[in-house]
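Undergrad: pasting a predicted model and its sequence here:
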Amino acid sequence: MSALGLREFHSFSASGRDFAYLVPSAAIFELDDAASAILARLRQGEMPTTGLIEELSARFPVAELEETLSELIRVRAIRVVGIPEEPMAKQMPPENFPLTTMVLNVTNQCNLSCTYCYEYGEDKIVDTENGKKPKFMSEETARESVEFMLRESGENRVAHLTFFGGETLMNLPVLKSTIQYARRRGAETGKEVDFSLTTNATLLRPDVIEFLAENRVGVTISIDGPKEVQDQFRVFHNGSGSYEIVAPKIAELLRRHRTRPIGARVTLTSHDLDVRKIFRHLTEEIGFAEVGFAPVTTAPNRKYAIAEDGFDNMLEQFRSLAGDFLQAALENRHHGFSNVKDTLEEIHKGVSKPYPCGAGLGLMGVSTDGDVALCHRFAGSDSHKLGTVRDGIDKLVQIGFLEKHHIDDKTDCRQCWARPLCSGGCYHEAYTRYGESAHPNLHYCEWIRGWTDTCLKIYGEIAVRNPRYLEQFDDKVAYETSQVN
């Protein structure tokens, strides 16, 4: 007599209905009453099939129970006990996986001195002041980087080039010449090159804004909120705040540059976790179309590090703002909380990631001398170098990195139901916090699980009450990284 038991899934309810998020397939199933009853009973322990049917037959027809059991076995929500299962093979990316996004660090210098900065603060891993790397990328290196990008992008029709720093606009001449060169070479090789950059907005002069608008360059502004928040850590070298400098420049950018949505990227610290206040200021008072939030990357003993209770507070803030997003989605209105939208897209596409992001795979960062690193946050670090734009990628080094950092090799993550979307978390965060990029980011596991559950419930509500909203994700290309920060 066969017995049945549960497989891995996460249950959640939305709009009065029960759902199951299956792990590791990342599929979502709406459960009818019979399926919910079967799973509820099996949560109490394994049970013979006949006994389970007999117990539930007072509530449901036997034929319906048998059909539902077959379907739950088929979708791998439950299993037949005692039947050996072949372990799932470790899914490695194919050889010559194409480069999707190249982040070009055109300078490692900055005109701000943000206290928490991972590149210049206490937790930096590259000496940008006294190290051997040039402070500014040359035009020659930038051109070589473009050629590298076009080669490594394989058969992809679109190559994404993001300019980064330091403060990106401190090397404006190279940025301008590189856009011109990449556009020409892209046309010659049959590719479209999409351009974007991240900036602190201090150098957004009228001529710069005009150039960005004319060339349809996507812009993300690093800004932390209203004046009292921005001026805590995002300061000039003399300690003076930057808000009064950047606010009018951003206003002019938003007025002139309308060819693409302008987004804001916020670093949250222990000093201010009022997410709703920050979001409302940046969207309603300044006018950003999108706002994305990220907790500060830092060692745990820094004064601005977010402690465990801080993550709890941040989660509640996120949930509150996510409620506003849900209401807007149900009414087909735009809402700029990009953290929700990005996660909804991954849920809708059934993303199950062996790696937390595209770093070292579809996303790579290039340092000022042309060394290729895992991503922009590791650019300039010899320990995280994958090759050079001149010589290409060292495939043995890349394969070794991908083998070591695969989710299957992260013991702490193997039994976590949220691993399809998290996969252990940011490599740079892990390196800063634990000294090892392959280490799972255990300090925010509960935060990730809580936030993933929230987004699943929002997805369920939308799927039931306004499913057409989700159609926007059907034909959208899945990027290796949603926002470079």
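TA: Yes, it's here. What you see is a predicted model, and the numbers here were worked out from it, not measured in a lab.
Undergrad: give me the beta-bridge partners of Ile221?
TA: Ile221 has these beta-bridge partners by DSSP bridges: Thr199, Ala264.
Undergrad: what about it, neighbour count?
TA: 24 (other CB atoms under 10 Å). To be clear about C-beta, it is placed using only N, CA and C from the backbone, and glycine gets the same treatment.
Undergrad: so what's it scoring on pLDDT?
TA: Ile221 is assigned a predicted lDDT (pLDDT) of 98.
Undergrad: Lys476 too?
TA: At Lys476, pLDDT is 55.
Undergrad: again, but for Met1
TA: 56.
Undergrad: repeat for Ser482
TA: So, for Ser482, pLDDT stands at 38.
Undergrad: quick thing: my sequence starts at 587, can you match it?
TA: Okay, residue one is now 587; in that scheme the one you just asked about reads as Ser1068.
Undergrad: so where is the chain shaky, pLDDT-wise?
TA: 587, 673, 1061-1071 (pLDDT under 70).
Undergrad: name the SS class of Glu902, please.
TA: helix (DSSP: H, G, I helix; E, B strand; the rest coil).
Undergrad: give me the number of residues near it?
TA: Neighbour tally, Glu902, other CB under 10 Å: 13.
Undergrad: just Asp713 next, same as before
TA: Quick note: Asp713 (other CB under 10 Å) scores 11 neighbours.
Undergrad: then the one 10 residues further on?
TA: For Met723, the neighbour count with other CB under 10 Å is 27.
Undergrad: hang on, it packs against Leu758?
TA: No. Using CB atoms under 8 Å, Met723 is not in contact with Leu758, being 11.9 Å away.
Undergrad: gap between stretch 998-1015 and the chain center?
TA: 12 Å (CA atoms, centre = their mean, to the nearest Å).
Undergrad: how about the CA coordinates for it, as CSV?
TA: Extracted in CSV, the C-alpha atoms of stretch 998-1015 (Å, rounded to 0.1, in the frame of the first residue of the first chain):
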residue,chain,number,x,y,z
ASP,A,998,22.4,26.7,4.2
CYS,A,999,20.3,27.5,1.1
ARG,A,1000,19.3,24.0,0.0
GLN,A,1001,16.2,23.7,2.2
CYS,A,1002,15.1,27.3,1.9
TRP,A,1003,11.8,27.7,0.0
ALA,A,1004,12.8,31.1,-1.3
ARG,A,1005,16.0,29.9,-3.0
PRO,A,1006,14.6,30.1,-6.6
LEU,A,1007,14.6,33.9,-6.3
CYS,A,1008,17.4,34.5,-3.8
SER,A,1009,20.0,31.9,-4.5
GLY,A,1010,22.0,33.0,-1.5
GLY,A,1011,22.2,36.8,-2.2
CYS,A,1012,24.7,39.3,-3.5
TYR,A,1013,28.3,38.1,-3.9
HIS,A,1014,29.7,41.5,-2.9
GLU,A,1015,27.5,41.6,0.2
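Undergrad: which residues touch it?
TA: 594-596, 607, 609-612, 704, 883, 929, 932-933, 937-943, 945, 960-961, 963-964, 991, 993-994, 996, 1016, 1023-1024, 1026-1028, 1030-1031, 1034-1035, 1038 (CB atoms under 8 Å, 6 or more residues apart in numbering).
Undergrad: would Ala908 count as being in a helix?
TA: Yes. According to three-state DSSP, Ala908 belongs to a helix.
Undergrad: which residues touch it?
TA: Contacts of Ala908 (CB under 8 Å, 6+ apart): 923, 926, 1040-1041, 1044.
Undergrad: just Phe987 next, same as before
TA: Applying CB under 8 Å, 6+ apart, the residues contacting Phe987 are 946, 960, 972.
Undergrad: so which of these comes closest to Glu738?
TA: Nearest to Glu738 among those, counting by CB to CB, is Leu972 at 10.7 Å.
Undergrad: check the secondary structure at that closest one for me.
TA: strand.
Undergrad: mind listing what it touches?
TA: So Leu972 contacts 946, 950, 958-960, 979-980, 983-984, 987 (CB under 8 Å, 6+ apart).
Undergrad: which one of these is nearest Arg1051?
TA: Checking those one by one against Arg1051 (CB to CB), the nearest turns out to be Gly946, at 39.7 Å.
Undergrad: how about residues contacting whichever strand or helix holds Gly637?
TA: Element membership for Gly637, per DSSP states H and E: helix 635-642. With CB under 8 Å, 6+ apart as the test, helix 635-642 has contacts from 587-590, 620, 623-624, 627-628, 648, 651-652, 655.
Undergrad: distance to Asn691 added to the residues you listed, as a markdown table?
TA: Formatted as a markdown table, the contacts of helix 635-642 follow (distance: CB to CB, whole Å):
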| residue | distance to Asn691 |
| --- | --- |
| Met587 | 64 |
| Ser588 | 59 |
| Ala589 | 57 |
| Leu590 | 54 |
| Ala620 | 56 |
| Ala623 | 56 |
| Ile624 | 54 |
| Arg627 | 56 |
| Leu628 | 52 |
| Val648 | 65 |
| Leu651 | 60 |
| Glu652 | 60 |
| Leu655 | 56 |
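Undergrad: weed out the non-buried ones from those.
TA: 589-590, 620, 623-624, 628, 651, 655 (16 or more other CB atoms under 10 Å).
Undergrad: and the two most separated of these?
TA: Top of the distance list for the buried ones among the contacts of helix 635-642 (CB to CB): Ala589 and Ala620, 18.8 Å.
Undergrad: can you give me the strands in the stretch 887-1036 of the chain?
TA: Secondary structure of the stretch 887-1036 of the chain (DSSP state E, counting those that start in this stretch): strands located at 949-952, 957-959, 971-974, 978-979.
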